[in-house]
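Colleague: Okay, here's the prediction I keep looking at, along with the sequence it came from:
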Amino acid sequence: MDGNGVGLTAAVFAVVGAGVGLVAAATTGWAEAALATAATGETARFAPVFVAQSYLAVTAAALAFAPLIAGVLGVLVGSRAYDAQGAAATCGLGGGLGALGYGFVVVVLVVASQGEAATQAHGIADAFGSILTTAVVAAVVGAVAGVLGSVTG
């Protein structure tokens, strides 16, 4: 296992997570303003539900990108590995830890951006299971992609 490869993978995940989280926060803030701020009548009554769904959808979409990132980084980092086992360990651990950090960064930024109309939106603890699942899947994808990268690199 290559510690530098694990660190590089986790660092790239953190940087991408911060970017995705900032965009997600801006997007959900825009959705909240569009759905709730100027809402009247029946729309005002259901606005908190619409806003909560927006936050959930943006968070789920952001988490769905973690295995893709793990795959790309797995091939890149794995192509520099000496053997398939080392590539699997490096890219699997890096992908799992990186996706865990990525998920927390995204969720914290989204939750921190929630306004007054987001009373029914999810919190950090609500997303914990999804973040863990994302990290496990990203670890597996990263390991397999690392092996493929080591074979082709």
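Modeller: That came through fine.

Colleague: Could you point out which residue ranges in this structure have low pLDDT?
Modeller: Low-confidence segments of the chain, defined by pLDDT under 70, span residues 36-47, 117-118, 153.

Colleague: In contact with the nearest residue to residue 140 once chain neighbours are set aside, which residues are there?
Modeller: Using C-beta to C-beta, 6 or more residues apart in numbering and skipping the chain neighbours, the partner closest in space to residue 140 is residue 92 (7.1 Å). For glycine as for every other residue, the C-beta is placed from the backbone atoms N, C-alpha and C. Counting by C-beta atoms under 8 Å, 6 or more residues apart in numbering, residue 92 touches 139, 140, 142, 143, 146.

Colleague: ok, so of these, who is nearest residue 3?
Modeller: Nearest to residue 3 out of the contacts of residue 92 is residue 146 (C-beta to C-beta; 14.5 Å).

Colleague: Show me what the helix or strand where residue 149 lies is packed up against.
Modeller: Using DSSP states H and E, residue 149 falls within helix 128-152. Under the contact criterion of 3 or more C-beta pairs under 8 Å, 6 or more residues apart in numbering; DSSP states H and E, helix 128-152 touches helix 41-64, helix 66-78, helix 84-112.

Colleague: how far out from the middle of the chain is that helix?
Modeller: Taking the mean of its C-alpha atoms, helix 128-152 sits 13 Å from the chain's own mean (C-alpha atoms, centre = their mean, to the nearest Å).

Colleague: And stretch 23-38, by the same measure?
Modeller: Centroid displacement of stretch 23-38 relative to its chain, using C-alpha atoms, centre = their mean, is 19 Å.

Colleague: Same check on stretch 7-25?
Modeller: With C-alpha atoms, centre = their mean as the basis, stretch 7-25 stands 8 Å off its chain's centre.

Colleague: Just give the number of residues close to residue 83.
Modeller: Using other C-beta atoms under 10 Å, residue 83 has 10 neighbouring residues.

Colleague: you'd agree it is up against residue 151?
Modeller: No: between residue 83 and residue 151 no contact is recorded; they are 10.1 Å apart, counting by C-beta atoms under 8 Å.
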